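Enquirer: below: sequence and its predicted model.
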Amino acid sequence: MSVARTWAVALTGLHGELVEIEADVTSHTPDFRIIGLPDKTLGEASRRVVNACENAGLELPARRVTVNLSPAGLPKQGSGFDLGVAVAALGVAGVIPLESIARTVHLGELGLDGRLRPIAGVLPALRAAAERGFERAVVPKANRAEGALVPGIEVIGAVSLPEVARFHGARDVEVPDQRAVGRVVRRAERETQGDLQDVVGQEDAVEAAVAVAAGGHHLLLSGPPGAGKTLLASRLPGILPPLDDEAALEVAAVRSLSGEAVDALTRVPPFEAPHHTATLAALVGGGSRVSQPGVISRASRGVLMIDEAGEMRASVLDALRQPLESGRIVIHRSGFTASYPARFQLIGHCVRLGTIQTSRERQTGRRSPTGGFGRRLSATSRERPRAS
C-alpha cells in the first residue's frame with residue numbers, strides 16, 4: 001500500500017513552515033506512532049486520533065501505523081496537527097482517496113467524539129500556506145471566518161472528522177448531526193471608537209496629541225490623578241489613519257496567535273494598556289517551549305500606553321529600547337527563534353517628572369544621573385542629566 005501524504009503548518013512566531021504529514025502501515029503489532037520531533041501535546045494526538053476515528057465509525061487498520069512529520073528536525077507543537085494526522089491515517093487505510101488529501105492543508109484539534117475544535121493561529125498558518133502555492137485548506141468551522149480573511153486560498157469549515165472524510169470523497173461514511181465547537185477563548189474587543197472631542201479643556205495636551213498622531217512620535221504625559229491623561233491617550237487611535245490591508249492582516253494575525261477570535265479585519269489601530277506590574281515576558285512575549293506574542297506585539301500598528309510609568313521596573317522599560325528602534329522583537333530560545341512585529345507609538349503617564357525613580361533608586365535612596373523614565377523620554381523636564 002502506498003504512503004498517504006497531506007499537509008499542515010508549524011508556526012514559529014508569525015512565520016509558518018509547511019509540514020508534510022506521511023502515514024504508512026507495516027505488518028507488526030498494532031500500534032499508532034507519531035515521529036518527527038513532536039512535543040508532548042502533539043505526541044498525545046495518537047490517542048485522540050484513534051479514539052476519534054473509532055467513535056466516528058472510521059476504521060483504522062489493525063496494524064502498526066507510523067506517521068512522520070517532515071522536516072523531521074523542525075520542532076512541532078500543539079494540537080493543530082490532529083486533523084492532518086487523522087486524515088493521513090485514514091488515507092493509508094483506504095478510507096479517503098490519496099489524491100485529494102495530497103494537495104490540501106489540514107488544521108484543527110480533534111475531540112474524542114470526532115468533532116473538530118478551534119485552534120489559535122489559523123490566520124498566519126493559512127497565510128504561509130497561500131504564499132507557498134496551496135489553494136485549499138480544511139479548518140474547524142469555528143475558524144472558517146478567520147481563515148476566509150486570507151486571500152488566494154479556499155477555506156472549508158468542517159464540524160467533524162466524518163464530514164472531512166466525506167468532503168474528500170470517502171464512501172459509505174455517515175456524517176452525524178453535531179454542533180460545531182465554538183471558540184474556548186474570546187477576549188474583549190479592544191477597538192477604541194472615542195475621539196478627541198471627548199476631552200474637555202487641556203488645549204495644550206490635545207495639540208500635543210494631534211502632533212503625535214500626525215508625526216508618529218511618542219509622548220510622555222505628566223499631571224495629577226484625574227487630569228485626563230488616560231482619557232487623552234485612549235482617544236489617540238481614533239485620530240490615527242485607518243489600517244491598510246497589509247497592516248490589518250498583520251494585526252489580525254497577532255490577535256489570532258494570541259488565541260483571540262478573529263472574524264473580520266479591523267481598520268482601527270490597536271490600543272494596549274498593560275498594568276505597571278507587567279513582567280518582562282508579558283511585555284515583550286516569549287515562552288519556554290511555545291512562543292507567544294507580548295503586549296508590544298499586540299499593540300503593533302497602534303498605541304501602547306504605560307500608566308504609572310515611574311512605577312514600572314527599569315529592566316522592563318529598558319527592554320522597549322530595541323523594539324522602538326527596529327519595529328520588531330526577536331525572541332531567542334534554545335530550541336527556536338521567533339520574530340514578532342512591534343511598531344507602536346508609546347504613550348507614558350506619570351504624576352510628576354521630578355519624582356520619578358527607578359526601583360534601584362527607591363531601594364538605595366540615591367538618584368542615578370541617567371536613571372528614570374522621565375529623564376530618558378521627556379524633552380520638557382526641567383531637570384536635565386548632568387554630564388559625567
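Expert: Looks like it arrived, so ask away.

Enquirer: C-alpha from now on. contacts and neighbour counts both.
Expert: Will do.

Enquirer: now the strands for the stretch 1-150 of the chain?
Expert: Per DSSP state E, counting those that start in this stretch, the stretch 1-150 of the chain carries strands over the ranges 4-12, 15-26, 31-35, 64-70, 105-106, 109-110, 116-117, 136-140.

Enquirer: and the first one, what does it pack against?
Expert: Judged by 3 or more Cα pairs under 8 Å, 6 or more residues apart in numbering; DSSP states H and E, the packing partners of strand 4-12 are strand 15-26, helix 82-92, helix 98-101, strand 105-106, helix 122-131, strand 337-341.

Enquirer: and the chain, split by domain according to the record?
Expert: The chain breaks down into these domains under automatic domain parsing: 4-167, 196-377.

Enquirer: that older thread, can I get the strands of the stretch 1-150 of the chain in CSV with distance to Pro124 and mean pLDDT?
Expert: Listed next are the strands of the stretch 1-150 of the chain as CSV, based on distance: least, Cα to Cα, whole Å; pLDDT from 0 to 100:
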stretch, distance to Pro124, mean pLDDT
strand 4-12, 8, 96
strand 15-26, 7, 96
strand 31-35, 25, 96
strand 64-70, 20, 96
strand 105-106, 13, 98
strand 109-110, 17, 96
strand 116-117, 18, 96
strand 136-140, 13, 97
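
Enquirer: who wins for proximity to His275 among those?
Expert: Among these, strand 4-12 comes nearest to His275, with 27.1 Å by Cα to Cα.

Enquirer: what strands line up against whichever strand or helix holds Val155, and which way round?
Expert: Following DSSP states H and E, one finds Val155 within strand 154-158. Strand pairing for strand 154-158, using DSSP bridges, gives strand 136-140 (parallel).

Enquirer: now render the helices and strands packed on strand 4-12 as TSV, adding distance to Val254 and mean neighbour count.
Expert: Below are the helices and strands packed on strand 4-12 laid out as TSV (distance: least, Cα to Cα, whole Å; neighbours: other Cα atoms under 10 Å):
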stretch	distance to Val254	mean neighbour count
strand 15-26	11	20
helix 82-92	23	28
helix 98-101	29	18
strand 105-106	21	28
helix 122-131	8	24
strand 337-341	8	20
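
Enquirer: contacting residues for the spatially most central residue of the chain?
Expert: By Cα atoms, centre = their mean, the mean C-alpha position of the chain lies nearest to Leu257, the distance being 1.6 Å. Contacts of Leu257 were listed using Cα atoms under 8 Å, 6 or more residues apart in numbering, and they are 14, 120-122, 124, 292-293.

Enquirer: picking that back up, wait, which of the strands of the stretch 1-150 of the chain is closest to Leu280?
Expert: strand 4-12 (19.9 Å).

Enquirer: gap between Gly302 and Leu280?
Expert: 20 Å (Cα to Cα, to the nearest Å).

Enquirer: and Ala205, by the same measure?
Expert: Counting by Cα to Cα, the gap from Ala205 to Leu280 is 30 Å.

Enquirer: ditto for Leu317
Expert: In terms of Cα to Cα, Leu317 sits 9 Å off from Leu280.

Enquirer: OK, contacts around the spatially closest residue to Ala128 that is not a sequence neighbour?
Expert: Closest residue to Ala128 in three dimensions, ignoring its sequence neighbours and counting by Cα to Cα, 6 or more residues apart in numbering: Gly16, at 5.2 Å. With contacts defined as Cα under 8 Å, 6+ apart, Gly16 is in contact with 9-10, 124-125, 127-129.

Enquirer: which pair of the residues you listed spans the longest distance?
Expert: Ala10 and Arg127 (12.0 Å).

Enquirer: where exactly do the helices run in the stretch 251-388 of the chain?
Expert: Taking DSSP state H, counting those that start in this stretch to define them, one finds helices in the stretch 251-388 of the chain at 280-284, 295-298, 314-318, 321-326, 359-364, 373-377.

Enquirer: mind listing what's buried in the third one?
Expert: With burial defined by 16 or more other Cα atoms under 10 Å, the residues of helix 314-318 counted as buried are 314, 316-317.

Enquirer: with the first one instead?
Expert: Counting neighbours by 16+ other Cα under 10 Å, one finds that the buried residues in helix 280-284 are 280, 282-284.

Enquirer: dump those to JSON lines, plus distance to Val212 and pLDDT.
Expert: Formatted as JSON lines, these follow (distance: Cα to Cα, whole Å; pLDDT from 0 to 100):
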{"residue": "Leu280", "distance to Val212": "26", "pLDDT": "91"}
{"residue": "Ala282", "distance to Val212": "26", "pLDDT": "92"}
{"residue": "Leu283", "distance to Val212": "23", "pLDDT": "94"}
{"residue": "Val284", "distance to Val212": "23", "pLDDT": "93"}
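
Enquirer: beta partners for the residue nearest to Ala128?
Expert: Leu11.

Enquirer: okay, strands next: where are they in the stretch 151-300 of the chain?
Expert: Using DSSP E, counting those that start in this stretch, strands in the stretch 151-300 of the chain cover 154-158, 219-222, 271-272, 285-286, 292-293.

Enquirer: please name the residues that touch the nearest residue to Arg136 once chain neighbours are set aside.
Expert: Nearest residue to Arg136, sequence neighbours excluded (Cα to Cα, 6+ apart): Glu154, at 4.6 Å. Contacts for Glu154 (Cα under 8 Å, 6+ apart) come out as 135-137, 148.

Enquirer: was I right about Ile21 contacting Val85?
Expert: Yes. Here Ile21 reaches Val85: they are 6.7 Å apart, a contact under Cα atoms under 8 Å.

Enquirer: give me the common contacts of these two.
Expert: By Cα under 8 Å, 6+ apart, the residues touching both Ile21 and Val85 are Val67.

Enquirer: related to what we said a few turns ago, just among the contacts of Glu154, which is most surrounded?
Expert: Using other Cα atoms under 10 Å as the neighbour test, the contacts of Glu154 are led by Ala137, with 23 neighbours.

Enquirer: quickly list what that residue is bridged to.
Expert: Beta-bridge partners of Ala137, as defined by DSSP bridges: Val105, Val155.
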